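**Student:** I would like to see how this sequence folds:
(one chain, ligands or ions: 1)
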Amino acid sequence: MDWIKLSELLYPGLTETPDDLERRYPPRKLPEGAAVTRLAPSPTGFIHIGNLYIAFVGERVARDSGGIYYLRIEDTDEKRAVEGGAEQIVRGLDDYGIRFDECADRDGGYGPYNQRARAAIYHVYAKDMVRRGLAYPCFCSEDDLSAMRAAQETEKANFGYHGKWAKCRHLPLETLTPLLQTGAPFVLRLHVPQLSTVNCQLSIVLTDPAKGRIEMPPNDIDHVLLKSDGIPTYHFAHAVDDHLMRTTHVVRGDEWIATYPLHHMLFDLLGFERPKYIHVAPLMKQDGGGKRKLSKRKDPECALSWYAAQGYPADAVREYLFTLMNSDFEDWRRANPSSGIEAFPFSPKKMNAAGALFDLQKLDDVSKNAVSRMTAEAVCAQLTEWAERFDPTFHALLTRDPAYTIKTLSIGRGGQKPRKDIARWGEAKAYLSFFFDELFVPAPPSDPDFCKAYAEIYDPALPRDEWFASVKALGEARGYCPDMKQYKADSTGWKGSVADASASLRAAVTGRESSPDLWEVMQILGKERVTGRLNGG
Ligand code: GLU
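**Tutor:** From the prediction side, this is the model:
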């Protein structure tokens, strides 16, 4: 076979060579040990929580080593691409603090950062591979391939385009020439070298810090490199792009491990140094007695947009994902409650190789802690921003008197044991409802007369201790034992204890059985509203 002739037939007029590309994209000038990592999503518009998880891993590996973190949009599959999908991804990740050093609109000299715009680059390598007898055009139709698969099934042969099944692998130039000249559609396939010549290992080894050592048989399939539209498959684009963009660490989902032998072979045949790989196991979910992968179809919490709609603070989601990335994160957080998350010594080696268990209850706990550590001003700002998007009526109430809103959110903040009432902004309306007349739902107090009597003497000027003394005193006069111990020892003759008296006041003022500190609540509501509610108004 005259491979050079074939390469000219396939890519006439293409004169650029791999050496030219090496010069155009020289190795990056980075200090020793600096990692270059990337996120390579398809622009489907949907961001899976697992994408964010992988993004944090890649980002940490780059940042911790003083390297580069870049975004490459893998838009080779037109069917999956969505208008504006790439922008949505950048915005979605930005909400969680993921920033890229390089991306489509921030070229660091290694672009284009969208694969479709790199078609000419892939063709340079495609032509070079054909010249070297490492790739060939295949004219098999979908029907031909289905027939091949059916026959392989009958013969119990391995699936795929290989060996005697690879019909187009041996087509002579005389057959190929008229087909190409008449514009017959073709894909470009890898021409797997004879195992006895190049790349003759019997097994290849993947050493992955997250997964350990994995031994696999080498690839023997003539996989598609370029589709019939000249756009590469994931595999070919991965090798070309990660080489030219000088990626040192490929951080990706572990579903790609199965095709690693192909990637290994492609890097070798293309003469590229292989990057390191960190394969991230999927997030798992408890389902009945077993565990399964979080599923886009079954679990609404799969979509990053769900967290925004629920109102989980971005920091809390990030904090939680870090607990899943490295199980010693929680101990570190306890020892370093106010450190920035970047200070955590993340290590891919400490990742759960089988997949960390994603648990919304745990996320709520982490989020409650995170919210409890925020200032009232910060809570107010984030809550207001959330409500503007997701609950305009509530937004109107929150912004009517911002100073008042901040006061309502200040209760129980600061100090050693801050209150942990809110995990997500979507819960704030129910929690704060009694502070807003429009939302307040009265509950009948068990002793309306006591409430009315208390309304007569309520003095907002009293400090907390004196206020409580006044509740006790009025309660005692009305049959409520002021001393809990005494009441517990012997309740005869009493209507209840001071706790019951307070519960009546609490029900009248907040409509609830439990609430934050009642004295503080009354201070914020003001005398008029407190007495109005105590009087049943
Ligand atoms: N586009 C691929 C995906 O979304 C990227 C995998 C990779 O990071 O290499 O799964």
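**Student:** Could you use CA atoms for every contact and neighbour count after this?
**Tutor:** Noted.
**Student:** export stretch 38-54 as CSV, just CAs?
**Tutor:** Output of stretch 38-54 as CSV, limited to C-alpha atoms (Å, rounded to 0.1, in the frame of the first residue of the first chain):
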residue,chain,number,x,y,z
ARG,A,38,-8.5,20.7,32.6
LEU,A,39,-12.2,20.2,32.6
ALA,A,40,-13.5,18.9,29.3
PRO,A,41,-17.3,19.0,29.4
SER,A,42,-19.7,18.6,26.5
PRO,A,43,-21.8,21.7,26.1
THR,A,44,-25.1,20.0,26.9
GLY,A,45,-26.3,22.8,29.2
PHE,A,46,-26.8,20.2,32.0
ILE,A,47,-24.3,20.2,34.8
HIS,A,48,-24.2,17.1,36.9
ILE,A,49,-23.1,17.5,40.5
GLY,A,50,-20.5,14.9,39.5
ASN,A,51,-19.1,17.4,37.0
LEU,A,52,-18.6,19.8,39.8
TYR,A,53,-17.0,17.2,41.9
ILE,A,54,-14.5,16.3,39.2
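**Student:** Are that stretch and the ligand in contact anywhere?
**Tutor:** Yes: using Cα under 6 Å from any ligand atom, stretch 38-54 reaches the ligand at 39, 40, 41, 42.
**Student:** now check the host helix or strand of residue 87, is it near the ligand?
**Tutor:** Using DSSP states H and E, residue 87 sits within helix 85-94. No: using Cα under 6 Å from any ligand atom, helix 85-94 never reaches the ligand; the gap is at least 11.8 Å.
**Student:** what's the answer for stretch 260-270, then?
**Tutor:** No: under the criterion of Cα under 6 Å from any ligand atom, stretch 260-270 makes no contact with the ligand; the nearest approach is 10.6 Å.
**Student:** related to what we said a few turns ago, and the contacts of the helix holding residue 87?
**Tutor:** With Cα atoms under 8 Å, 6 or more residues apart in numbering as the test, helix 85-94 has contacts from 42, 43, 44, 45, 46, 47, 52, 73, 99, 304, 305.
**Student:** can you tell me which of those are in helices?
**Tutor:** Counting by DSSP state H, the contacts of helix 85-94 place 52, 304, 305 in helices.
**Student:** And these, which is closest to residue 353?
**Tutor:** Distance to residue 353 across these (Cα to Cα) is lowest for residue 52, with 17.6 Å.
**Student:** what about the closest residue to the closest one other than its chain neighbours, distance to the ligand?
**Tutor:** Counting by Cα to Cα, 6 or more residues apart in numbering, the nearest residue to residue 52 once its immediate chain neighbours are dropped is residue 93, at 6.9 Å. Separation of residue 93 from the ligand (Cα to the nearest ligand atom, to the nearest Å) stands at 15 Å.
**Student:** With residue 135 instead?
**Tutor:** Residue 135 is 22 Å from the ligand, by Cα to the nearest ligand atom.
**Student:** pLDDT at that residue, what is it?
**Tutor:** What the model reports as pLDDT for residue 135 is 98.
**Student:** pretty sure it contacts residue 191?
**Tutor:** Yes: using Cα atoms under 8 Å, residue 135 is in contact with residue 191, at 4.6 Å.
**Student:** List the buried residues for the helix holding residue 87?
**Tutor:** Residues of helix 85-94 classed as buried by neighbour count (16 or more other Cα atoms under 10 Å): 85, 86, 88, 89, 92, 93.
**Student:** before we move on, what about stretch 209-221?
**Tutor:** 209, 210, 211, 218, 219, 220, 221.
**Student:** Kindly export that stretch (C-alpha atoms) in CSV.
**Tutor:** Output of stretch 209-221 as CSV, limited to C-alpha atoms (Å, rounded to 0.1, in the frame of the first residue of the first chain):
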residue,chain,number,x,y,z
PRO,A,209,-3.4,7.6,42.4
ALA,A,210,-7.1,7.4,42.9
LYS,A,211,-7.5,3.8,41.6
GLY,A,212,-4.2,2.1,42.2
ARG,A,213,-2.6,-0.1,39.6
ILE,A,214,-4.8,-1.5,36.8
GLU,A,215,-3.5,-4.0,34.3
MET,A,216,-5.4,-4.4,31.0
PRO,A,217,-4.9,-6.1,27.7
PRO,A,218,-3.7,-3.7,24.9
ASN,A,219,-6.2,-2.3,22.4
ASP,A,220,-6.8,-4.5,19.3
ILE,A,221,-9.7,-2.6,17.8
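**Student:** and that stretch, average pLDDT?
**Tutor:** 95.
**Student:** and if you look at stretch 39-48?
**Tutor:** On average, stretch 39-48 scores 90.
**Student:** from the residues of stretch 38-54 next to the ligand, which single one is nearest residue 81?
**Tutor:** Closest to residue 81, out of all of those and judged by Cα to Cα, is residue 42, at 6.9 Å.
**Student:** Skipping adjacent residues, who's closest to that closest one in space?
**Tutor:** Per Cα to Cα, 6+ apart, closest to residue 42 is residue 74, 4.7 Å.
**Student:** do residue 62 as well
**Tutor:** residue 35 (5.1 Å).
**Student:** and after the helix or strand bottoming out on mean pLDDT in the chain, which helix or strand comes next?
**Tutor:** For the chain, counting by mean pLDDT, DSSP states H and E, helix 85-94 ranks last in confidence among helices and strands (a mean of 88). Sequence order places helix 119-131 as the next helix or strand after helix 85-94, per DSSP H and E.
**Student:** Pull the contacting residues for whichever residue of the stretch 401-537 of the chain sits closest to the ligand.
**Tutor:** Per Cα to the nearest ligand atom, residue 424 is where the stretch 401-537 of the chain lies closest to the ligand, at 28.9 Å. Going by Cα under 8 Å, 6+ apart, residue 424 touches 310, 311, 312, 313, 364, 367, 368.
**Student:** May I see those residues arranged in JSON lines, with pLDDT, secondary structure and distance to the ligand as well?
**Tutor:** Shown next, in JSON lines, are the contacts of residue 424 (pLDDT from 0 to 100; DSSP: H, G, I helix; E, B strand; the rest coil; distance: Cα to the nearest ligand atom, whole Å):
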{"residue": "310", "pLDDT": "98", "secondary structure": "helix", "distance to the ligand": "25"}
{"residue": "311", "pLDDT": "98", "secondary structure": "coil", "distance to the ligand": "26"}
{"residue": "312", "pLDDT": "98", "secondary structure": "coil", "distance to the ligand": "25"}
{"residue": "313", "pLDDT": "97", "secondary structure": "coil", "distance to the ligand": "25"}
{"residue": "364", "pLDDT": "98", "secondary structure": "helix", "distance to the ligand": "28"}
{"residue": "367", "pLDDT": "97", "secondary structure": "helix", "distance to the ligand": "28"}
{"residue": "368", "pLDDT": "96", "secondary structure": "helix", "distance to the ligand": "32"}
